[in-house]
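Chemist: got a sequence here, can you model it:
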Amino acid sequence: MTAPRPDTADETAAEDRTAGEDRVASAMTGLFGRDSVYLLFWFLQVLVAALATPVATRLLGAGEYGVFAAANAVMQVLFVLGGCGLSVAVQKFYEDRGPDAARRLLTLSVVAAVVVTAIAHLTGPLWSEPLGFGEYQGAVRLAVLWAGTSAVTAALLAMLRSQDRLLAFSCVSLLQSVVAEVLSLVLLIALEPSGKAFVLGRLVAQVLAVVVGVAMTRLRGVGAGDLPLVRGALVFGLPLVPAMLGSFVLGAADRFLIQEQLGEVAVAQYSVAYNIAALPMLVLSVLNTVWLPRFFAVGSGADGDAVITASRDALYRLVAPVMVGLSVAAPLVLRLWAPAEFHPDDLLLVTAVVIVSAVPYTAGLSATRTLLAASRTRMIAGSAVVASVVNVLLNLWFIPVWGILGAALATAAAYSLQHVLLLLPTRGRPHSTTHAGLLQSLTGVVLALLVVLLPTDPAGLVLRAVLALLCLAWFARAYLFIRTPEGAMS
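Modeler: Prediction:
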C-alpha cells in the first residue's frame, strides 16, 4: 500500500475542512432558523406570563403573591425530582437508539413522576410546616400535583421536539402556558383572589396538556428485557437531578431565605424584579432545550465542538442588546407589572444585577452542551451542586447586609462560579476563534449596570423608551448578521 502524494493529501484535508464547515453552517442555519420556530412557542409562554403578571399582582396583593411564589418554588423542586432527568434522556436516546427506545423512556418518565408525586404528597404534613407553609393544604398541596404533571409534560415535549412535530409540540406547549395563565386569572376572579386559586388554574391546564401529549405520542411498555435501556437512561439522567436542583437553588432558593429573614412582602418584591430580570436566562434555558436534539445529532467530535462554539459566540452577540434593553426599560416594565406598594423604583439595581447574570449563564450552558453530548452528566451535577451551596452561603451572608440586592449579587456570583467549574472538565472546550461576541456581551454588562443611573421622571421614562427601541434595532442587526454565512462561522 502506497502513501498518498502530498498534493493529494492536501486536497483531501481541504475537502474535509470544507465539508466540516458546511456541516457547521447547516447546523447553525437550523439552530437560528427552524429551531427558532419552536422557541417562539416558548417565548409566547413568557410573553403571556409577562402580560398576566400585572393583573395577578393587583388581584392577589403582595401577601398572596408571595404565597404563590413560595408554592411555585416547591413545584420546581418536585418537578426536577419527578423528572429524574428523563426528558433529556429521551432526546439523547432518540438520536442514539431510535424512536422505540425513546417511547419506552416516556413510559418510564410517567412512572417516575407518579412515584415521586405520591411520596411528596404523603409526606407533605412533615415538610410543609418547617418550610413556613403551615398546614399541608391550599396552594402548596396543589403545587405538588402541578409538579408531577409538569414533569410528564416535559418528557412528552422532549419527544415531540425530537420527532420535529411542530404542530403537536405547539398544542401541548400552548396548553401548559397560554391556557394555564388565562385559566389562572379566570379562577382568581371566579373563585377567590388567592394563591391557591392561581395554582389551581395551572394544575388544570397542565393535566389537559398531559392528556393531549399522551394521545399524540405512542407510549411503549417497559419490561424485563428493557432493563439495560432503563439502566442506561438512569445513569445518564439521574445525575441531572442534582444538576437541575442546583440550578433551581441558584434561581429560586433565595425566595425561601428572603421569606425567612425579610418576610413575604420582600419575597413578592424580589420575585417581581427577578421574574423580569431572569427573562434572558429563561429564554436561553428554553433555547438550550430546543437545541439539544440538533447537538445530539451532530455528536461530540470536532463538528460538535465547532457548532457549540459558533452558537455560543452568536448568543454572546444577541444577549448584549437584550441585557441593555431590558435594564433600560426596567422602570417601565416594573410599573406595569406591579402596583406602587411594591416600590418598583427601588428594584432597578436588583433587576440589573440579575440581568447581567445572563452572560455567565450563557457560557455555562455552552459548556453543559459539550458535556451532555459526551454523556458526562456527573460533571454537570458536580458543578451545579457546588455553585448552589456557594449561592446559599452567599445569600445567608449578603441578605442581612444588603437585603434583596444581596440575593441578586449572590445569584450573579454563583453563576460565574458555575461557569468556571464547568470549564474544568471540558478543558476550555470549545475554543473560540474570535472574541468579538464576548466583547459585545461584556460591553452589554457595563451598559446594563450604568443605565440604572438614568432618571425615572416622565422625561427620563421617554428617554428610556427611545433607548429600548434602539436596543431592539441593535438586536435585529445582530440576528441578521448571525444568519449570514460570515456571521454563522464567526
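
Chemist: CA atoms for contacts and neighbours, from now on please.
Modeler: Will do.

Chemist: what's around residue 288, how many residues?
Modeler: 18 (other C-alpha atoms under 10 Å).

Chemist: retrieve the pLDDT associated with it.
Modeler: If you check residue 288, the pLDDT there is 78.

Chemist: measure it to residue 317 for me?
Modeler: Distance, residue 288 to residue 317, by C-alpha to C-alpha, to the nearest Å: 16 Å.

Chemist: likewise residue 441?
Modeler: With C-alpha to C-alpha as the criterion, residue 441 and residue 317 are 6 Å apart.

Chemist: same check, this time on residue 290
Modeler: 19 Å.

Chemist: can you check residue 74 too?
Modeler: With C-alpha to C-alpha as the criterion, residue 74 and residue 317 are 35 Å apart.

Chemist: of the two, who's got more company?
Modeler: Taking other C-alpha under 10 Å, residue 74 and residue 317 do not tie; residue 317 has more neighbours (25 against 22).

Chemist: right, and that one touches residue 444 too?
Modeler: No. When contacts are counted by C-alpha atoms under 8 Å, residue 317 is not listed as touching residue 444 (9.3 Å).

Chemist: got any ranges where this protein has weak pLDDT?
Modeler: Across the chain, the ranges flagged by pLDDT under 70 are 1-34, 42-43, 46, 50, 299-304, 426-437, 485-490.

Chemist: contacting residues for the residue most central in space within it?
Modeler: In the chain, the residue lying closest to the centroid (C-alpha atoms, centre = their mean) is residue 285, at 2.9 Å. With contact set as C-alpha atoms under 8 Å, 6 or more residues apart in numbering, residue 285 has these partners: residue 365.

Chemist: pretty sure residue 39 sits against residue 290.
Modeler: Yes. Counting by C-alpha under 8 Å, residue 39 does reach residue 290; the two are 6.9 Å apart.

Chemist: in the stretch 101-250 of the chain, which spans are helices?
Modeler: Using DSSP state H, counting those that start in this stretch, the helices of the stretch 101-250 of the chain run over 124-127, 138-162, 166-174, 180-190, 195-216, 227-237, 240-262.

Chemist: what packs against the fifth one?
Modeler: The reference is to helix 195-216. Counting contacts by 3 or more C-alpha pairs under 8 Å, 6 or more residues apart in numbering; DSSP states H and E, helix 195-216 is packed against helix 34-83, helix 138-162, helix 166-174, helix 180-190.

Chemist: number of residues surrounding residue 466?
Modeler: 15.

Chemist: check which helix or strand covers it.
Modeler: Using DSSP states H and E, residue 466 sits in helix 458-482.

Chemist: domain boundaries for this protein, per the record?
Modeler: Split into domains by automatic domain parsing, the chain comes to 40-238, 242-490.

Chemist: dump the residue contacts of residue 82.
Modeler: Going by C-alpha under 8 Å, 6+ apart, residue 82 touches 112, 113, 114, 115, 116, 117, 147, 148, 151.

Chemist: and the closest residue to the third one other than its chain neighbours, how far from residue 76?
Modeler: Pointing back at residue 114 there. Closest residue to residue 114 apart from its sequence neighbours, by C-alpha to C-alpha, 6 or more residues apart in numbering: residue 148 at 6.5 Å. Using C-alpha to C-alpha, residue 148 is found at 10 Å from residue 76.

Chemist: of the two, which one has the most company?
Modeler: residue 148 (30 against 23).

Chemist: now do the one helix or strand residue 348 maps to: which elements does it pack against?
Modeler: Residue 348 is part of helix 348-355, with elements assigned from DSSP H and E. Applying 3+ C-alpha pairs under 8 Å, 6+ apart, one finds that helix 348-355 contacts helix 264-277, helix 302-328, helix 330-337, helix 404-426, helix 436-450.

Chemist: next, the angle from the second one to helix 436-450.
Modeler: This points to helix 302-328. Taking axes from the mean of the first three to the mean of the last three C-alpha atoms, to 10 degrees, one finds helix 302-328 and helix 436-450 inclined to each other by 20 degrees.

Chemist: am I right that the residue nearest to residue 114 is in contact with residue 117?
Modeler: Yes. Counting by C-alpha under 8 Å, residue 148 touches residue 117, with 5.5 Å between them.

Chemist: find residues that contact each of these two.
Modeler: 78, 82.

Chemist: pull the CA atoms of stretch 101-109 into PDB?
Modeler: Extracted C-alpha coordinates of stretch 101-109, given in PDB (Å, rounded to 0.1, in the frame of the first residue of the first chain):
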ATOM      1  CA  ALA A 101     -36.400   3.300  22.900                       C
ATOM      2  CA  ALA A 102     -37.400   6.900  23.400                       C
ATOM      3  CA  ARG A 103     -41.100   5.900  23.700                       C
ATOM      4  CA  ARG A 104     -40.200   3.300  26.400                       C
ATOM      5  CA  LEU A 105     -38.400   6.000  28.300                       C
ATOM      6  CA  LEU A 106     -41.600   8.100  28.100                       C
ATOM      7  CA  THR A 107     -43.400   5.400  30.000                       C
ATOM      8  CA  LEU A 108     -40.600   5.300  32.500                       C
ATOM      9  CA  SER A 109     -40.900   9.100  33.000                       C
END
